[in-house]
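J.: fold the following.
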Amino acid sequence: MRDENIHNMNFLDEKDHRFGVFQRVLDARMKELLSKGLGAKVRQADPILPEDEEKIWNQKVFGMQSSLALQYTVFFYNCKLFGLRGYDEHKSLECDQFEVGCDERGKYIHFHGRLSKTYKGGLKHIQLQNKDIKHYCLNAERCLADFYMVYLDALGHRGAFYRRPLAVGIRYGEQVLGINKIKGLMKEITGKAGIVGNFTNHSGKRTCATQLYQAGVDEQEIMSKTGHRSETAVRKYKRSNSVLMENVSKVLDPPKMMKFEG
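T.: Numbers count the residues shown, from 1 in each chain. Predicted coordinates:
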């Protein structure tokens, strides 16, 4: 319907009685399939856990030892720090959307967002704002502001943000990375580090939301990072990971056997 430019109909809208029969048939079929086990397990992109992130650094997949490693680094942290999703928010990035600076709080990376899935601009979004995120770099040993500055210097602070890395030194060509290449970057990163899981570019955004959620950050602040416009949408990222499940299991597991003297 979108392809045919039809926007006044939504066959999943329960209030639209024109699709009542269709909805009842679809509802019955979904329940039937679920009873057979189809759709019971939802396959989602896994977040990158802190221990996995550390492993990527230790395996030297991240770093400034090559132009490719540096590109992996800024790509991942564009996802984690600024909540960029999939490839659609990466492919149109420009160098001038990033500013590296320093103030009384320390070094920072300032990201200026443009169009995204949830922000299209124009009259409909006149009351909304695009992403405007300043990340302060508190880890002196891995100061991301330094990594971004080296990367931007290599690109000449102009043009497309993702360009083909060259083999010698920290240098990049004029050729812009293709869509398929950008789509596969997260799998390349985790694969080279030997991390097993269902990792896609969406894993970066899940990493952002998951780590903020686990740290007890307010939902509104999480939304400002991820770009979600509703709390319902951002709550979809509040899913238990293996660490949380292990902690819950410890609480609910049978008590340990008591040893009595005598």
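J.: okay, strands next: where are they in the protein?
T.: Applying DSSP state E to the chain gives strands spanning 98-103, 106-112, 132-136, 163-165, 172-176.
J.: and stretch 114-131, how far apart are its ends?
T.: 7 Å (C-alpha to C-alpha, to the nearest Å).
J.: same question for that stretch, mean pLDDT?
T.: With pLDDT averaged residue by residue, stretch 114-131 scores 51.
J.: which of the strands of the chain comes out lowest on mean pLDDT?
T.: strand 132-136 (a mean of 88).
J.: between the strands of the chain, which one is nearest to Met186?
T.: Set against Met186 and scored by C-beta to C-beta, the strands of the chain come closest in strand 163-165, at 16.3 Å. Any C-beta I mention is one placed from the backbone N, CA and C, and that applies to glycine too.
J.: which stretch among the strands of the chain comes nearest Thr190?
T.: Among these, strand 163-165 comes nearest to Thr190, with 18.3 Å by C-beta to C-beta.
J.: and that closest one, what does it pack against?
T.: helix 67-82, strand 172-176 (3 or more C-beta pairs under 8 Å, 6 or more residues apart in numbering; DSSP states H and E).
J.: contacts for it next, please.
T.: 66-68, 70-71, 155, 171-177 (C-beta atoms under 8 Å, 6 or more residues apart in numbering).
J.: my guess is His90 contacts Asn78, does it?
T.: Yes. Under the criterion of C-beta atoms under 8 Å, His90 makes contact with Asn78 at 6.9 Å.
J.: worst-scoring helix or strand of this structure, pLDDT-wise?
T.: Ranked by mean pLDDT, DSSP states H and E, the weakest helix or strand in the chain is helix 231-235, scoring a mean of 57.
J.: what's the burial count for the nearest residue to Asp13 once chain neighbours are set aside?
T.: Setting aside the residues directly before and after it, Asp13 is nearest to Phe19 in space (C-beta to C-beta, 6 or more residues apart in numbering), at 7.3 Å. Here the count is done by other C-beta atoms under 10 Å, and Phe19 has 15 residues near it.
J.: and if you look at Gly197?
T.: 14.
J.: next: the one 4 residues further on.
T.: Residues within reach of Asn201, counting by other C-beta under 10 Å, total 24.
J.: so how far is Cys79 from it?
T.: Distance check for Asn201 against Cys79: by C-beta to C-beta, to the nearest Å, it reads 7 Å.
J.: pop the domain breakdown of the protein in here.
T.: Annotated domains of the chain cover 1-41, 50-235 [automatic domain parsing].
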